[in-house]
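K.L.:
Got a sequence here, can you model it:
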Amino acid sequence: MDAPTLVKLPLPMLTALLSCVIAMLVWRLELGVRRATATFFALFALCAVEALLVGLRFGYGIETLIPVQRTLPLLLGPLMYLGFAAFAVDARTFRKIMACHLAAPIIVLAVFWLIVEDWRALDLVFSASYLFYSVALFRLWRKGPDVLTYARLDVARRLSDWILRGIGLLVFILALDATIALDFALNQGAHAAVLISYGTAPLVVILLAVLVKLPSILSDADRKAYAVKTVDITDSETVGRLEELMLNDQLFLDPGLTVQRLAKRLHLPARKVSAAVNKAKGMNVSQYVNEFRLAYAADLLVSGNESVSGIAERSGFMTRSNFYREFQRVYDQSPTEYRSTGPLANSQPTTG
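P.N.:
Numbers count the residues shown, from 1 in each chain. Below is the predicted model of the structure:
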């Protein structure tokens, strides 16, 4: 009888090698935040270890580490999601969501190790995990490249496209795992080696494509890093460009606007933008943005009959209380008073 396809062509071993090489290249990437780089490194390192264990089990009959091989894939979805989410949240928030998304699979695995005897039930958990993180990634992708506020401007759109590829990969793995699980249920895994061989082939192609693409991203990152270091403009010029951007694109209407996003649009470091606003305007970026929002809200108050709450929301304020507080600070009267009496002398914002 011929040897199984997997032994003749140990594709999982090739997958492990490619994943290992990609992990090392990813470690050198500078995409905007180091936490994202570290998470993607962990993702590809996980893929390398899992592929190695699959190859040893189905290709060479080494079954000692089956429990480890069966549990590692539960971390695939969380790590992929966290890698992209790292570009959308600050470091403190990222630590919180990382603890949540990594604690859940660890707890589930602990339950199976200690309580559940039939490990086949874990296949349902895998399917649920892949589906959950496919949806989570899709929701992140729908927000567009601008939500990736901590990514370098030149790679944000490409990262958004890679989110879709990540979703496709999770869906493919879900289908492959479901097919293998069905084979074990119906045929005691008689065709598992062949299914893994055919299923691994597309993964090898994907990894090869990533491996070809990474060197160009690395060289591009070096050029962009050098270009950013050579930028040198005055604080007044920075604020002038920022004001023009705010007026033309009305970015202040977005309640989720951050200094990182503004900095990306200006092709400047966030700390440069913050320092420029502070020195040129004598206020922080949040106060500066709020003055545009307040001027916009003031026009709505005197030109229409929309509710104050509705105007606050339309103007980019996340809460009514914050809107009232800021309006009172700048105009020295409440929005309701402003609507009925008009602006007080010398009480209007200086920006916008």
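K.L.:
in this structure, which helix or strand is least confident?
P.N.:
Here the helix or strand of the chain ranked lowest by mean pLDDT, DSSP states H and E is helix 5-8, holding a mean of 44.
K.L.:
Got the domain ranges for this protein?
P.N.:
5-230, 235-341 (automatic domain parsing).
K.L.:
Which one of those has the poorest average confidence?
P.N.:
Ranked by mean pLDDT, the domains of the chain end with domain 5-230 at the bottom, a mean of 80.
K.L.:
How much space separates residue 40 from residue 150?
P.N.:
In this view, residue 40 and residue 150 are 14 Å apart by C-beta to C-beta, to the nearest Å. Where you see a C-beta, it was placed from the backbone N, CA and C, and this is true even at glycine.
K.L.:
now residue 283
P.N.:
Using C-beta to C-beta, residue 283 is found at 23 Å from residue 150.
K.L.:
more crowded one of the two?
P.N.:
Of the pair residue 283 and residue 150, residue 150 is the one with more neighbours under other C-beta atoms under 10 Å, namely 23 against 14.
K.L.:
shouldn't the more buried one be in contact with residue 33?
P.N.:
Yes - using C-beta atoms under 8 Å, residue 150 is in contact with residue 33, at 4.7 Å.
K.L.:
Now the common contact residues for the two.
P.N.:
Jointly contacting residue 150 and residue 33 under the rule C-beta atoms under 8 Å, 6 or more residues apart in numbering are 86-87.
K.L.:
And for residue 303, the neighbour number?
P.N.:
By the measure other C-beta under 10 Å, the count of residues near residue 303 is 8.
K.L.:
so who does it touch?
P.N.:
Contacts of residue 303 (C-beta under 8 Å, 6+ apart): none.
K.L.:
Now for residue 316: which residues touch it?
P.N.:
Neighbouring residues of residue 316 by C-beta under 8 Å, 6+ apart: 252-255, 257, 289, 293, 296.
K.L.:
swap in residue 202?
P.N.:
Residue 202 is in contact with residue 172, counting by C-beta under 8 Å, 6+ apart.
K.L.:
Pull up the gap between it and residue 75, please.
P.N.:
As judged by C-beta to C-beta, residue 202 and residue 75 stand 21 Å apart.
K.L.:
before we move on, what about residue 168?
P.N.:
19 Å.
K.L.:
So residue 75, which state does it fall into?
P.N.:
On the three-state scheme (DSSP: H, G, I helix; E, B strand; the rest coil), residue 75 is labelled helix.
K.L.:
Residue 46 is in contact with that one, correct?
P.N.:
Yes - with contacts counted by C-beta under 8 Å, residue 75 reaches residue 46, the gap being 5.9 Å.
K.L.:
hey, what's in contact with both of those two?
P.N.:
Common neighbours of residue 75 and residue 46 (C-beta under 8 Å, 6+ apart) do not exist.
K.L.:
what's whichever helix or strand residue 132 is part of packed up against?
P.N.:
Assigned by DSSP states H and E, residue 132 falls within helix 122-142. In terms of contacts (3 or more C-beta pairs under 8 Å, 6 or more residues apart in numbering; DSSP states H and E), helix 122-142 is packed against helix 76-85, helix 91-114, helix 153-187.
K.L.:
Tell me the gap between the shortest one and the middle of its chain.
P.N.:
It stands for helix 76-85. 8 Å (C-alpha atoms, centre = their mean, to the nearest Å).
K.L.:
ok, now the second one?
P.N.:
With C-alpha atoms, centre = their mean as the basis, helix 91-114 stands 17 Å off its chain's centre.
K.L.:
quick one on the thing from earlier: may I see the buried residues of the helix holding residue 132?
P.N.:
Residues of helix 122-142 classed as buried by neighbour count (16 or more other C-beta atoms under 10 Å): 122-123, 125-126, 129-130, 132-134, 136-137, 140-141.
K.L.:
Over to stretch 78-95?
P.N.:
If you call a residue buried by 16+ other C-beta under 10 Å, then stretch 78-95 has these buried ones: 78-89, 94.
K.L.:
Repeat that for stretch 335-342.
P.N.:
Using 16+ other C-beta under 10 Å as the test for burial, stretch 335-342 gives 335, 337-339.
K.L.:
Could you dump those into JSON lines with distance to residue 71 and secondary structure added?
P.N.:
As requested, these are exported to JSON lines (distance: C-beta to C-beta, whole Å; DSSP: H, G, I helix; E, B strand; the rest coil):
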{"residue": "335", "distance to residue 71": "56", "secondary structure": "helix"}
{"residue": "337", "distance to residue 71": "63", "secondary structure": "helix"}
{"residue": "338", "distance to residue 71": "61", "secondary structure": "helix"}
{"residue": "339", "distance to residue 71": "62", "secondary structure": "helix"}
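K.L.:
Can you tell me which of those residues is closest to residue 301?
P.N.:
Using C-beta to C-beta, residue 339 is the member of the buried residues of stretch 335-342 that lies nearest residue 301, at 4.5 Å.
K.L.:
The closest one contacts residue 299, doesn't it?
P.N.:
No - if you go by C-beta under 8 Å, residue 339 and residue 299 don't touch, sitting 11.3 Å apart.
K.L.:
contact partners of stretch 105-122?
P.N.:
Under C-beta under 8 Å, 6+ apart, the answer for stretch 105-122 is 67, 70-71, 74-75, 78, 125, 129, 181, 184-185.
K.L.:
Over to stretch 161-177?
P.N.:
Residues contacting stretch 161-177 (C-beta under 8 Å, 6+ apart): 73, 76-77, 80, 84, 123, 126-127, 130-131, 133-134, 137-138, 140-141, 195, 199, 202-203, 206.
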